[in-house]
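S.K.: Just a sequence and a predicted model for now, questions to come.
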Amino acid sequence: MLHRDHEDTDGGGDELTVPMAWLYAEYVADQLLRGGDLMPPTSFEFRAGRYALALTVFLSDTDGELCGAEVVSRLETWLSLTAYDQPWREWVRERLAETAAGGGPDGDLVLARAAWRWLQDTELLAPDLNAVPGGAPATGEDEGPKVWTPAWQLGLPLGHLAIHLF
C-alpha cells in the first residue's frame with residue numbers, strides 16, 4: 001500500500017506502509033493453529049480458524065503494542081472472547097467500527113475487514129451438529145448429515161480449541 005505523506009519536505013512523498021499489526025496477529029493465529037495440529041494448513045477450515053483468531057488477536061490489542069512476550073499473557077482473554085457462549089460476531093463488528101472511527105492504521109484495517117468479509121461470505125460444508133442421531137444412514141466415518149455453515153462458525157471453535165491446546 002502506498003501512503004502519500006502530505007508534509008514531506010524532501011520531495012519523496014511516497015512510502016510503503018506495511019500493515020504490521022495485522023500481519024503479526026495473523027502470524028500468532030497461524031502458530032497457535034499449527035501447534036494444535038487440528039487441521040491441515042492448506043484446508044479452508046484452517047484458513048477460517050486463522051482469520052477468526054487473527055481478528056480476535058488484532059481487535060483485542062487496544063494499545064497496538066502486542067509483542068511476543070505478551071502473547072502468553074493474552075491467551076486467557078482470547079479464550080474468553082472465543083468461547084461458545086460469547087457474542088464474538090457482534091464484538092468483531094463493534095471493534096471494527098471503533099477501530100475505523102478511531103483512525104486505526106489503514107492497511108491493517110483493510111486486511112482485517114477483508115478477513116471478516118471472507119469469514120461471513122464463505123460457507124463450508126460441515127457436519128450438522130444439530131442433526132438427530134441415527135436420522136441418516138452413515139456409510140463411512142466422515143459421512144452423515146452435512147450443512148453449509150458460515151466460515152466464522154467453523155473457524156471460531158477451531159481457534160478456541162487451538163488456544164486451549166497451546
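M.R.: Yep, that arrived.

S.K.: who does the helix or strand where G155 lies touch, helix- and strand-wise?
M.R.: Following DSSP states H and E, one finds G155 within helix 151-165. The contact analysis (3 or more C-beta pairs under 8 Å, 6 or more residues apart in numbering; DSSP states H and E) places helix 151-165 against helix 20-36, helix 44-60, helix 68-82, helix 88-101, helix 106-121, strand 123-127. All C-beta spots, glycine's among them, are computed from the backbone N, C-alpha and C.

S.K.: Now do it against helix 106-121, angle only.
M.R.: 110 degrees (axes from the mean of the first three to the mean of the last three C-alpha atoms, to 10 degrees).

S.K.: what separates helix 151-165 from the chain centre, distance-wise?
M.R.: Computed by C-alpha atoms, centre = their mean, to the nearest Å, the chain-centroid distance of helix 151-165 equals 9 Å.

S.K.: Flag the shaky bits of this structure, pLDDT-wise.
M.R.: Counting by pLDDT under 70, the chain has low-confidence residues at 1-16, 64-65, 67-69, 104-105, 129, 131-142.

S.K.: still on that earlier bit, tell me which of the helices and strands packed on helix 151-165 sits most buried.
M.R.: helix 44-60 (a mean of 24; mean count of other C-beta atoms under 10 Å).

S.K.: list the helices and strands that one packs on?
M.R.: helix 20-36, helix 68-82, helix 88-101, helix 106-121, strand 123-127, helix 151-165.

S.K.: if we go to 6 Å?
M.R.: Packing contacts for helix 44-60, counted by 3 or more C-beta pairs under 6 Å, 6 or more residues apart in numbering; DSSP states H and E, involve helix 20-36, helix 68-82, helix 106-121, helix 151-165.

S.K.: Can I get those helices in JSON lines including distance to F44?
M.R.: Shown next, in JSON lines, are these (distance: least, C-beta to C-beta, whole Å):
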{"stretch": "helix 20-36", "distance to F44": "13"}
{"stretch": "helix 68-82", "distance to F44": "19"}
{"stretch": "helix 106-121", "distance to F44": "10"}
{"stretch": "helix 151-165", "distance to F44": "7"}
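
S.K.: Any idea which of those gets closest to A100?
M.R.: Distance to A100, taken as C-beta to C-beta, is lowest for helix 106-121 among these, at 6.0 Å.
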